[in-house]
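A.B. asks: Let me see the structure of the following:
(chains A and B)
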Protein chains: 2
Amino acid sequence: MVEAMKKLISLDRERNLLSHIGALLGWDQETYLPEAALDERSEQLALMEGLAHEKAVNPEIGELLAKLEGEKGLSEQERAYLRVCRREYDRETKLPAVLVSEMARQTSLSQAAWVQARKNNDFKGFAPHLATMIRLNLEKASALNPDAPPYDVLLDLYEIGSSEKTTAEVFAVMKRDLVEILGSIRSSPQTDDRFLRRRVSAAAQSRMSDYLMAAMGFDKRRGRLDTTAHPFTTTLGRDDIRITTRYIEEYFPSSVFSTIHEAGHALYEMGLDVGPDFSGTRLADGASMAIHESQSRMWENIIGRSLPFWDAHYGKIVPMAEGALDGVGLEDFYRGVNRVEASLIRTEADEVSYGLHVILRFELESALIKGSLAVEDLPEAWNAAIRETLGIEVPDDSRGCLQDIHWSMGSFGYFPSYALGNLYAAQFWAAMQDQIPSLERSIAAGDCSPALSWLRDKVHREAAALLPSELVLKATGSALDPSHFTRYLRKKYSAIYGF
Amino acid sequence: MVEAMKKLISLDRERNLLSHIGALLGWDQETYLPEAALDERSEQLALMEGLAHEKAVNPEIGELLAKLEGEKGLSEQERAYLRVCRREYDRETKLPAVLVSEMARQTSLSQAAWVQARKNNDFKGFAPHLATMIRLNLEKASALNPDAPPYDVLLDLYEIGSSEKTTAEVFAVMKRDLVEILGSIRSSPQTDDRFLRRRVSAAAQSRMSDYLMAAMGFDKRRGRLDTTAHPFTTTLGRDDIRITTRYIEEYFPSSVFSTIHEAGHALYEMGLDVGPDFSGTRLADGASMAIHESQSRMWENIIGRSLPFWDAHYGKIVPMAEGALDGVGLEDFYRGVNRVEASLIRTEADEVSYGLHVILRFELESALIKGSLAVEDLPEAWNAAIRETLGIEVPDDSRGCLQDIHWSMGSFGYFPSYALGNLYAAQFWAAMQDQIPSLERSIAAGDCSPALSWLRDKVHREAAALLPSELVLKATGSALDPSHFTRYLRKKYSAIYGF
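C.D. replies: Got it, this is the predicted structure:
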């Protein structure tokens, strides 16, 4: 390896160490921080972010990149690494410091206003902040790439290589299919899931989580599970991937599927094995938000809500459930955890209607960014879209356009990743089924390792070396195709609902 | 406040933030770190230590100090702050980088060798490392102050302003008295403490710890309790003081008194209130290791092993003890937890013999540093000293001169703090009793707040502004006097043992 590459890697590793330390500060804040310590923790986080940013925008990186990009005879991995470094370096250096600090300041105000507005069902109180966040996102998009449409620039931050056009095409097919499947389900008899509301103690749920993580292949020597108000996954080191869950004693499936979801994210992070030369660098990162989400949803829904999976594990979970599942058969449980019902809140939505929640947000945020939808008209547009796609009425903005934190944080362009994740997952699953005929038999026998090995080989090990579009093509042999997801849903739900 | 002072404080606060972040890395390593993550955690810690060191030796601090030390019209607090900064700045800048990194390297080797040597009872395997640690400590002492005897320089690192002479004078009195008291106890009938070995679950011990911390006035909004292999206290922020304990199910007093001990340290840290101008600076630090230890031992032994304390709390602890204390009266419990018996291991020693363990180490380490004791003669010298002061035989070096980690880490001069802590505590306690006639009645009524308020006013709030000798004089009206401790012991143990 040439000296300049070694130097670049060593600068990158220092930045990465700082960013992992920042992740520990964040993790601790959500898990164990004493309440009075929050103020100083914010100062600590700001300091670490500043130090990591300094490392990331070090002009020496720019010089090394320029030098190495002209170098002949680099390996494919080295060239992939340079592409990732170039992309991140340009992103971090193109934003003017004054814009970055203005965004930090306004985001903090906006988030506080959003918390109040949601609590008091007061969209008007939040509207000026939303307008500010839109304005700052336009400035950000323009700083990053003044020649592209702003929403394309924002989408590219999360799903690299995507645009409004490519996303809209995929979502149009997806929306049509989801609406149709939802219609079929609504005209069929509903499944019963009342038994899922029987009380299960937090201690018992914690044992279930441990069991399920082990069943998935989560390596506890390289990670851990804790509890927080909102479940998440965070990477504190190459061998330190932590997930969280929450225990609602009156609804234990919440922790069961949150744990599986977050463990799915964690398995991806644990599998980003780019070899010793590039470990701890930007190459050892996920390919995109949506690819990350494909891993969590693969485990949560496609595997974790499947009949083969519960065939293997239901008999172990029942005795942990403190009587709550006594007399509930495997099939009943399976149908219960797959109940589909149009509802108001995205984060509580089932596998079918979830995508519709996301597509609605994509349509609205792209209109907000383009200026074709005015901030003050958002509630009405939201409510109309919910009525049109889900057939239900929004009773108040708190359960409508104020429900998500994302826009208050200035995250525009992020939402599509959630739905794209489902599409990638279904396409990976179809390829996996083709290539491993015994896949579902193994899962039914309690062995998830063939699935995990396939994901490790085809997805995880590629890490950040490929664009999402390249990754899906290499792993499955074809470009992203939303029909895999709808085929999967039709097959599963026609069996459950009998249509 | 003059500009230079503001600048100095702001540099100091950044250093402090980094050091708190390093403390989080260390705390997490002992509590929750997944085992495979240890390697990267070491890199993270080294990076943060490097950054904190850079901030601490910033030449700008030297310039600001030189400027401010010539300034007229500073407040008393400002002058105290400058003294503390000067002391720390000189310490951090006087050590040559090559010595610092050599010490880090050798310490790591020495500690690993010590672990093996203790396990295999192999003093010879550790001896060369011990010799190296002594040599490096001599170099360190010479770098810090070439004109003073090396052991004086080392002592001063932990107990500022102390010397071998002052320490030896105090310890001579202490040793004579402790040997005499121990003799009286040994010729009296022994107390029974077998009931303390009855099984109490970790969960029950955890409830006891919570109860006792609350009884002491530990503010859970500003701290927390976790479990680790070895109990400790660490400061992660002005309002984030964390303690740890360990639950031995076959010996619950271990957690009870560890928790009280560490909570005593934590109350000191929580009370270092130097006002808004100097919060987060070096002024908001403990006065010395021994003063710190005086706080933990005040709570653990003088208050926490007293009859009034258990008069208030025993009735609450019994029902938590899962039957282990059924039929055990308050007096029996009190006598049990105050059983005195000469034993081999310092960390398990009672309140009377503990000081003898420490004095022995002081005598031996000062001889090692002076060269009047050769490394190879240490085991024999150790065993003779144990025989002389405690009247017992050392069966092997693992339970003899290899038992402590300190010398393997190169900490020479640290041990005396442990015994000085007992002396300071007893002197503070005597003054507190004089000044608050109702002190023990309050404690017996379950109210520790008069004791805590006195400590806050007289000790905690002084923080690092005074030398230990100045602090004890100001708080108690007289210089350190070891007779307070032996008077306290005689009164307590003559009642328990009837001599």
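A.B. asks: and the residue in the stretch 101-250 of chain A that chain B sits nearest to, what pLDDT?
C.D. replies: Chain B sits closest to A:Asp240 of the stretch 101-250 of chain A, with a gap of 3.6 Å, by C-beta to the nearest C-beta. Bear in mind the C-beta positions are built from the backbone N, C-alpha and C, glycine included. For A:Asp240, the pLDDT comes out at 98.
A.B. asks: thought it was touching B:Tyr32?
C.D. replies: No - counting by C-beta atoms under 8 Å, B:Tyr32 is not a contact partner of A:Asp240; they are 9.8 Å apart.
A.B. asks: So for these two, which residue has more residues nearby?
C.D. replies: A:Asp240 (28 against 20; other C-beta atoms under 10 Å in any protein chain shown).
A.B. asks: so who does that one touch?
C.D. replies: Taking C-beta atoms under 8 Å, 6 or more residues apart in numbering or on different chains, we find A:Asp240 in contact with A:20, A:222-223, B:33-34, B:36-37, B:40-41.
A.B. asks: Can you list which of these are found in helices?
C.D. replies: Using DSSP state H, the subset of the contacts of A:Asp240 located in helices is A:20, B:40-41.
A.B. asks: Most neighbours among those, which one is it?
C.D. replies: A:His20 (25 neighbours).
A.B. asks: how about that residue, what does it touch?
C.D. replies: By C-beta under 8 Å, 6+ apart, the neighbours of A:His20 are A:235-237, A:240, B:40, B:44.
A.B. asks: For stretch A:300-309, measure first residue to last.
C.D. replies: 11 Å (C-alpha to C-alpha, to the nearest Å).
A.B. asks: And it, how far out from the chain middle?
C.D. replies: 18 Å (C-alpha atoms, centre = their mean, to the nearest Å).
A.B. asks: Give me the contacts around it.
C.D. replies: With C-beta under 8 Å, 6+ apart as the criterion, stretch A:300-309 contacts A:212, A:257, A:260-261, A:264, A:330-331, A:334, A:337-338, A:351, A:422, A:425-426, A:429, A:440-441, A:443-444, A:448, A:451, A:488, A:492.
A.B. asks: Can you pull up the most central residue in chain A?
C.D. replies: A:Glu293 (3.9 Å; C-alpha atoms, centre = their mean).
A.B. asks: burial measure for the nearest residue to A:Gly498 once chain neighbours are set aside, as a count.
C.D. replies: In this structure, A:Gly498 finds its nearest non-sequential neighbour in A:Ser188, 5.9 Å apart by C-beta to C-beta, 6 or more residues apart in numbering or on different chains. For A:Ser188, the count of nearby residues is 15 (other C-beta under 10 Å).
A.B. asks: wait, isn't A:Ser188 in contact with A:Ala495?
C.D. replies: No - between A:Ser188 and A:Ala495 there is no contact under C-beta under 8 Å: 11.2 Å.
A.B. asks: Buried ones in stretch A:77-97, by neighbour count?
C.D. replies: By neighbour count with 16 or more other C-beta atoms under 10 Å in any protein chain shown, stretch A:77-97 contains the buried residues A:78, A:80-86, A:88-89, A:92, A:95.
A.B. asks: So what's the residue count around A:Met320?
C.D. replies: 18.
A.B. asks: just to revisit the earlier point, which residues are in contact with the residue nearest to the centre of chain A?
C.D. replies: Contacts of A:Glu293 by C-beta under 8 Å, 6+ apart are A:417-418, A:420-422, A:424-425.
A.B. asks: Out of those residues, list just those in helices.
C.D. replies: A:417-418, A:420-422, A:424-425.
A.B. asks: Need the residues you listed in JSON lines (columns: pLDDT).
C.D. replies: Compiled in JSON lines, the ones in helices among the contacts of A:Glu293 are given as follows (pLDDT from 0 to 100):
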{"residue": "A:Ser417", "pLDDT": "97"}
{"residue": "A:Tyr418", "pLDDT": "97"}
{"residue": "A:Leu420", "pLDDT": "97"}
{"residue": "A:Gly421", "pLDDT": "98"}
{"residue": "A:Asn422", "pLDDT": "98"}
{"residue": "A:Tyr424", "pLDDT": "98"}
{"residue": "A:Ala425", "pLDDT": "98"}
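A.B. asks: Let me know the closest of the residues you listed to A:Asp193.
C.D. replies: Nearest to A:Asp193 among these: A:Asn422, at 21.3 Å, using C-beta to C-beta.
A.B. asks: Chain B versus the closest one, what's the distance?
C.D. replies: Per C-beta to the nearest C-beta, to the nearest Å, A:Asn422 is found 30 Å from chain B.
A.B. asks: close enough to count as contact, that residue and A:Ser353?
C.D. replies: No - A:Asn422 lies out of contact with A:Ser353 (C-beta under 8 Å); the separation is 11.6 Å.
A.B. asks: Which one's more surrounded, the two?
C.D. replies: Just comparing A:Asn422 and A:Ser353: by other C-beta under 10 Å the higher neighbour count belongs to A:Asn422, 28 against 23.
A.B. asks: before we move on, the earlier item: which ones are touching the residue nearest to A:Gly498?
C.D. replies: A:497-499.
A.B. asks: And it, how close does it get to A:Ser494?
C.D. replies: 9 Å (C-beta to C-beta, to the nearest Å).
A.B. asks: A:Glu269 contacts A:Thr233, correct?
C.D. replies: Yes - look at A:Glu269 against A:Thr233 with C-beta under 8 Å: they come within range, at 7.0 Å.
A.B. asks: overlap in contacts of these two?
C.D. replies: Listed as contacting both A:Glu269 and A:Thr233 by C-beta under 8 Å, 6+ apart are A:Ile241.
A.B. asks: Can you tell me the closest non-neighbouring residue to the residue of the stretch 1-150 of chain A found nearest chain B?
C.D. replies: Chain B sits closest to A:Ala37 of the stretch 1-150 of chain A, with a gap of 3.6 Å, by C-beta to the nearest C-beta. Using C-beta to C-beta, 6+ apart and skipping the chain neighbours, the partner closest in space to A:Ala37 is B:Asp240 (3.6 Å).
A.B. asks: Report how many residues lie close to A:Ala445.
C.D. replies: 12.
A.B. asks: Which pLDDT value belongs to it?
C.D. replies: For A:Ala445, pLDDT reads 98.
A.B. asks: I'd guessed it sits against A:Ala312; true?
C.D. replies: Yes - A:Ala445 is within contact range of A:Ala312, at 6.3 Å (criterion: C-beta under 8 Å).
A.B. asks: give the contact list for A:Asn137.
C.D. replies: So A:Asn137 contacts A:150, A:154, A:369, A:410, A:412 (C-beta under 8 Å, 6+ apart).
A.B. asks: for A:Glu462, same thing?
C.D. replies: Here A:Glu462 is in contact with A:287, A:471, A:474-475 (criterion: C-beta under 8 Å, 6+ apart).
A.B. asks: Tell me which of the residues you listed fall in helices.
C.D. replies: A:471, A:474-475.
A.B. asks: Tell me the confidence at the closest residue to A:Arg15 other than its chain neighbours?
C.D. replies: Counting by C-beta to C-beta, 6+ apart, A:Lys55 is the residue found nearest to A:Arg15 once chain neighbours are left out, at 3.9 Å. Confidence at A:Lys55, expressed as pLDDT, is 93.
A.B. asks: do the same with A:Ser108
C.D. replies: Predicted confidence (pLDDT) for A:Ser108: 89.
A.B. asks: in what helix or strand does it lie?
C.D. replies: helix A:97-120 (DSSP states H and E).
A.B. asks: which strands and helices sit next to that helix?
C.D. replies: helix A:123-144 (3 or more C-beta pairs under 8 Å, 6 or more residues apart in numbering or on different chains; DSSP states H and E).
A.B. asks: Name the residues of the helix it packs on that are buried.
C.D. replies: Applying 16+ other C-beta under 10 Å to helix A:123-144 flags A:123, A:126-127, A:129-130, A:132-134, A:136-141, A:144 as buried.
A.B. asks: cool, and stretch A:444-452?
C.D. replies: A:444, A:448, A:450-452.
A.B. asks: Enumerate the residues of chain A near chain B.
C.D. replies: A:14, A:17-18, A:20-21, A:24-25, A:28, A:32-37, A:39-41, A:43-44, A:47-48, A:51, A:219-224, A:226, A:236-240, A:242, A:280 (C-beta under 8 Å from any C-beta of the partner chain).
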